[in-house]
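Asker: no sequence on hand, only this structure:
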């Protein structure tokens, strides 16, 4: 066997025989209904928090852009890949955040990898929340910086680790997330900002799951916590609340323009297709003018979180659009996931390897587009699951 | 002052707590392949060591650590340079 054969033979996908990770989701013209494994289901595992994938403004803008500019840019942002919509979206994001500048990347993953590896090098120290997303760990790894984890959402542990660095804390970048993707909990951002400021370190907040969701105007956790001026860089994505794909970085404190040449995922990737940029712009506009979407999302989250809690499920620590249901045993988790699917509810099945603790997760992600009937379907499926287990 | 053998002995205790019952844990056992620790177990072990010895454990060094002996060497180095 050569290397490729040995490598493939050694790999085991979680629940490989059930093909959980290879399912196809066929959306049926709305953000929250689709067909999975041949079964019509309510989609409750899509990160489509505001349900904007079928918003008429976004669909229209996208269709007009593809007709006018074509299907792709075929170039990097640094070459021929900056079209009018890329530039306009950066201006609009900067304005939305009150930021000095904004950079738009092709994906959220690339935004984290590109910005972190551009800011950090072998002489830098990175301090990552233990439950950081893979893109943050990968950016850290690519940077070559000395990297430490601090305990999840533990400002005291961060303080201890910055203190141990002594003068090197002035050359440290701390990275946290607004909402953590698996359990839906938020960072204690005001406490973290105080610690970071006290030690003279810098702070990056990944608002991937909180952009469009938290804050009076939807700018995220930093807005909600009232600390936007203390954050050095905010990174986010268009693939959740904005309903398309792409990533961005903004800063109120710094001009990020100089990073365009050194953020390698920015410089060496083809830019987003114009239709994606046009729909992101339209979605940002919807978020800015319609706060009721955020309210509806949080109401739906409250209904499902409260109901599942009452049913006795072990959940993440706070009400959030991400409701993480703990299941200890991987076989039981697969059975539960299939049970929910058979009752018309699709949620994400998270294996031990992707979970923040010694448990699998049935990860429910809520949407403002879920109707009352769909919320009932979700809750009733979980009720039947509990009853079947007892 | 503690020596590498002291760290290895303490590590063996901690690894035994994380390993499944009946697993034989030697100082030269591969923590993942032989002992069966998961990435979550390894991170739990590191958090425990950080608290116990008042050190910060760089993730960069993890790739080089396969056994209790490897980890004891790293621990000795981190404690000596704190």
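Answerer: Yes, it's here. Here the structure is a predicted model, which is why all the values come from computation and not from measurement.
Asker: which residues of chain B lie near chain A?
Answerer: Residues of chain B lying near chain A by Cβ under 8 Å from any Cβ of the partner chain: B:38-40, B:43, B:46-47, B:54-60, B:82. From N, CA and C alone the C-beta is placed, and that goes for glycine too.
Asker: go again with 6 Å.
Answerer: B:56, B:58-60 (Cβ under 6 Å from any Cβ of the partner chain).
Asker: how about the nearest residue to the residue of the stretch 201-350 of chain A found nearest chain B, chain neighbours excluded?
Answerer: Using Cβ to the nearest Cβ, the closest approach of the stretch 201-350 of chain A to chain B is made by residue A:330 at 11.9 Å. In this structure, residue A:330 finds its nearest non-sequential neighbour in residue A:360, 5.4 Å apart by Cβ to Cβ, 6 or more residues apart in numbering or on different chains.
Asker: mind checking pLDDT for the one you found?
Answerer: At residue A:360, the model reports a pLDDT of 96.
Asker: what is it paired to in the beta sheet?
Answerer: Beta-bridge partners for residue A:360, by DSSP bridges, are residue A:327.
Asker: that one - how many residues pack around it?
Answerer: Residues lying near residue A:360 (other Cβ atoms under 10 Å in any protein chain shown) number 27.
Asker: with residue A:83 instead?
Answerer: Count around residue A:83 with other Cβ under 10 Å applied: 22.
Asker: touching, it and residue A:274? I think so.
Answerer: Yes: Residue A:83 is within contact range of residue A:274, at 5.1 Å (criterion: Cβ atoms under 6 Å).
Asker: now do the shared contacts for the two.
Answerer: residue A:69 (Cβ atoms under 6 Å, 6 or more residues apart in numbering or on different chains).
Asker: count of residues packed around the residue of the stretch 201-350 of chain A closest to chain B?
Answerer: Using other Cβ under 10 Å, residue A:330 is surrounded by 15 other residues.
Asker: ok, now how distant is residue A:284 from residue A:244?
Answerer: Distance from residue A:284 to residue A:244, counting by Cβ to Cβ, to the nearest Å: 10 Å.
Asker: if we ignore the residues flanking it in sequence, what's nearest residue A:187?
Answerer: Distances taken as Cβ to Cβ, 6+ apart place residue A:176 nearest to residue A:187, at 4.4 Å, with adjacent residues excluded.
Asker: A helix includes the one you found, no?
Answerer: No: according to DSSP: H, G, I helix; E, B strand; the rest coil, residue A:176 belongs to no helix; its state is strand.
Asker: residues near it, how many?
Answerer: As a burial measure, residue A:176 scores 29 neighbours (other Cβ under 10 Å).
Asker: tell me what the one helix or strand residue A:307 maps to is packed against?
Answerer: Using DSSP states H and E, the element containing residue A:307 is helix A:292-310. Applying 3 or more Cβ pairs under 6 Å, 6 or more residues apart in numbering or on different chains; DSSP states H and E, one finds that helix A:292-310 makes contact with helix A:372-389.
Asker: so what's the residue nearest to residue A:330 up against?
Answerer: A:327, A:330, A:333, A:350-352.
Asker: generate a ChimeraX selection restricted to the buried subset of those.
Answerer: In ChimeraX, this line selects whichever of the contacts of residue A:360 come out buried by 16 or more other Cβ atoms under 10 Å in any protein chain shown:
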select /A:327,333,350,351,352
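Asker: ok so, going back, return the closest of the residues of chain B next to chain A with respect to residue A:107.
Answerer: Closest approach between these and residue A:107, by Cβ to Cβ: residue B:59, at 23.6 Å.
Asker: isn't the closest one up against residue A:147?
Answerer: Yes: between residue B:59 and residue A:147 a contact is recorded at 4.6 Å, counting by Cβ under 6 Å.
Asker: these two - which one has more neighbours?
Answerer: For residue B:59 versus residue A:147, the count of surrounding residues by other Cβ under 10 Å is larger for residue A:147: 25 against 17.
Asker: next, the contact list for the more buried one, please.
Answerer: Going by Cβ under 6 Å, 6+ apart, residue A:147 touches A:126, A:140, B:59-60.
Asker: show me where pLDDT drops low in chain B?
Answerer: Low-confidence regions of chain B, defined here as pLDDT under 70, cover residues B:1.
Asker: quick one, helices of it?
Answerer: Assigned by DSSP state H, the helices in chain B fall at B:4-18, B:39-53, B:68-80.
Asker: buried residues, the first one. List them.
Answerer: In this case it means helix B:4-18. Buried, per 16+ other Cβ under 10 Å, within helix B:4-18: B:7-8, B:10-12, B:14-15, B:18.
Asker: just curious, which of the residues you listed is nearest to chain A?
Answerer: residue B:18 (10.5 Å).
Asker: so what's the residue count around the closest residue to the closest one other than its chain neighbours?
Answerer: Counting by Cβ to Cβ, 6+ apart, residue B:18 lies nearest to residue B:41, which is 4.6 Å off, once chain neighbours are set aside. By other Cβ under 10 Å, 19 other residues sit near residue B:41.
Asker: I'd guessed residue B:41 sits against residue B:20; true?
Answerer: No: look at residue B:41 against residue B:20 with Cβ under 6 Å: they stay out of range, at 10.3 Å.
Asker: so who does residue A:202 touch?
Answerer: The contact partners of residue A:202, by Cβ under 6 Å, 6+ apart, come to A:173, A:232.
Asker: who touches the residue nearest to residue A:187 in this structure?
Answerer: Contacts of residue A:176 by Cβ under 6 Å, 6+ apart are A:129, A:187, A:192, A:205.
Asker: ok, now how distant is it from chain B?
Answerer: Using Cβ to the nearest Cβ, to the nearest Å, residue A:176 is found at 16 Å from chain B.
Asker: in chain A, which spans are strands?
Answerer: Here chain A has its strands, by DSSP state E, at A:25-27, A:33-36, A:39-43, A:101-105, A:125-129, A:146-150, A:172-177, A:202-206, A:233-237, A:247-251, A:322-327, A:345-346, A:348-350, A:360-365.
Asker: contacts for stretch A:288-298, please.
Answerer: Against stretch A:288-298 from outside (Cβ under 6 Å, 6+ apart): A:49-50, A:218, A:321, A:368.
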